[in-house]
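Undergrad: Give me a 3D structure for the following:
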Amino acid sequence: MSEALDAGQRPYAPEGVRATHIVTICSPKGGVGKTTLARSLLVAAAQAGIQSIGLDFDRQGSLRKWAIRRAATRSAFPDQFVSAEVVEADLHDWRGSLRRIKDYDLAIIDTPPSVEEHLPAIQGLCHEAKFVVVPTGYTQDDLDSVVPWMQTVNESGARAAFCLNRANRRTSIFARSRAKLIKVGAVCPVEIPLLEDVHAHADSGLTVLDIAKSRGLEPMEAVWDFVRREVGL
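TA: From the prediction side, this is the model:
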């Protein structure tokens with residue numbers, strides 16, 4: 001994957017995009033929590049009063065569908081939950097999609113797992129990002145997938161970090177895998193634990209950040225604090 005990157009071939013920056021802080025969430029591994037992280041960051045940003053928008057580049061549209069469910073929940077409980085705006089985006093016209101976000105303070109970009117099939121576009125989304133987050137599990141299969149991808153992202157010049165998801169610190173493999181990741185790139189200092197609460201309310205368009213005393217609330221807030229600091233908001 002890293003051979004596909006050449007500094008002279010990097011995509012150009014669309015006009016007006018640099019004013020928006022872009023966070024691109026990407027990983028070649030499916031099921032590592034890209035969409036879960038994207039919607040949590042959107043909610044955290046809105047709760048912090050930051051004008052934000054989500055761009056769903058995945059053809060499955062999971063982030064967009066979640067936002068529709070959230071809008072329905074908010075219509076029933078308008079004063080309880082913050083708004084989270086998400087629009088569909090097209091990898092074939094990723095530059096055009098980015099031009100739509102120039103009036104926002106923050107854009108959270110959710111990408112499909114098949115990065116090899118859309119390599120130039122996802123490289124472009126990483127290149128334009130203020131910060132790139134690469135969610136991952138900690139099995140060897142996860143590392144076989146995300147380690148080469150992080151090397152690719154690093155070579156693009158983007159600032160990036162792994163975010164361990166569905167983590168169980170009690171396992172011996174967790175510490176070993178984290179150490180291997182640190183050799184390749186930065187790692188978010190807080191991992192998202194393996195908890196049912198993290199996914200329990202997605203059918204209503206909610207996240208752990210919407211539920212008081214949720215077991216996943218503090219770690220997700222900490223991940224947001226890390227990302228917010230990295231992008232300078």
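
Undergrad: quick one: contacts for T24?
TA: When the contact criterion is CB atoms under 8 Å, 6 or more residues apart in numbering, the partners of T24 are 109, 111, 122, 125-126, 128-129, 131-133, 158. All C-beta spots, glycine's among them, are computed from the backbone N, C-alpha and C.

Undergrad: Sort these by pLDDT and name the bottom one.
TA: Lowest pLDDT within those is found at A158 (90).

Undergrad: what's the spacing between that one and G49?
TA: The spacing between A158 and G49, counted by CB to CB, to the nearest Å, is 27 Å.

Undergrad: okay, these two: which has more neighbours?
TA: Higher neighbour count among A158 and G49: A158, with 18 against 9, using other CB atoms under 10 Å.

Undergrad: Look up phi and psi at the residue minimising distance to the centre of the chain.
TA: What sits nearest the mean C-alpha location of the chain, by CA atoms, centre = their mean, is I25, with 3.0 Å. Torsion angles at I25 (phi, psi; degrees, to the nearest 10) stand at phi -110, psi 120.

Undergrad: wait, doesn't it sit right on T36?
TA: No. If you go by CB atoms under 8 Å, I25 and T36 don't touch, sitting 9.7 Å apart.

Undergrad: shared neighbours, those two?
TA: In contact with both I25 and T36: no residue, using CB under 8 Å, 6+ apart.

Undergrad: residue ranges for the strands of the chain, please.
TA: Under the criterion DSSP state E, the chain contains strands at 21-25, 52-56, 86-88, 106-110, 131-136, 160-164, 186-187.

Undergrad: Show me the one of these that comes nearest G31.
TA: Each of those was scored for nearness to G31 using CB to CB, and the closest is strand 131-136 (9.7 Å).

Undergrad: Next, the buried residues of stretch 109-116.
TA: Buried residues in stretch 109-116, counted by 16 or more other CB atoms under 10 Å: 109-113, 115.

Undergrad: same question, stretch 138-156
TA: 138, 142-143, 145-147, 149-150, 152-156.

Undergrad: roughly how far apart are the closest residue in space to M150 that isn't next to it in sequence and Q123?
TA: Excluding its sequence neighbours, the residue lying closest to M150 (CB to CB, 6 or more residues apart in numbering) is G185, at 4.5 Å. Using CB to CB, G185 is found at 16 Å from Q123.

Undergrad: try T20
TA: Between T20 and Q123 the computed distance is 19 Å (CB to CB).

Undergrad: Among those two, which residue is more densely surrounded?
TA: Under the criterion of other CB under 10 Å, the comparison of T20 against Q123 puts Q123 first, with 24 against 19.

Undergrad: looking at it, that one is touching W149, isn't it?
TA: No. With contact defined as CB under 8 Å, Q123 does not reach W149; the gap is 10.7 Å.

Undergrad: out of the contacts of T24, who's nearest R59?
TA: Nearest to R59 among these: T111, at 10.8 Å, using CB to CB.

Undergrad: Hmm, that closest one is touching C26, no?
TA: Yes. Contact criterion CB under 8 Å: T111 and C26 qualify, at 4.4 Å.

Undergrad: Can you work out which residues contact both of these two?
TA: The overlap between the contact sets of T111 and C26 (CB under 8 Å, 6+ apart) consists of 34, 122, 125.

Undergrad: Can I get the residues you listed in JSON lines including neighbour count and distance to G232?
TA: Below are the shared contacts of T111 and C26 laid out as JSON lines (neighbours: other CB atoms under 10 Å; distance: CB to CB, whole Å):
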{"residue": "K34", "neighbour count": "26", "distance to G232": "22"}
{"residue": "I122", "neighbour count": "27", "distance to G232": "23"}
{"residue": "L125", "neighbour count": "27", "distance to G232": "19"}
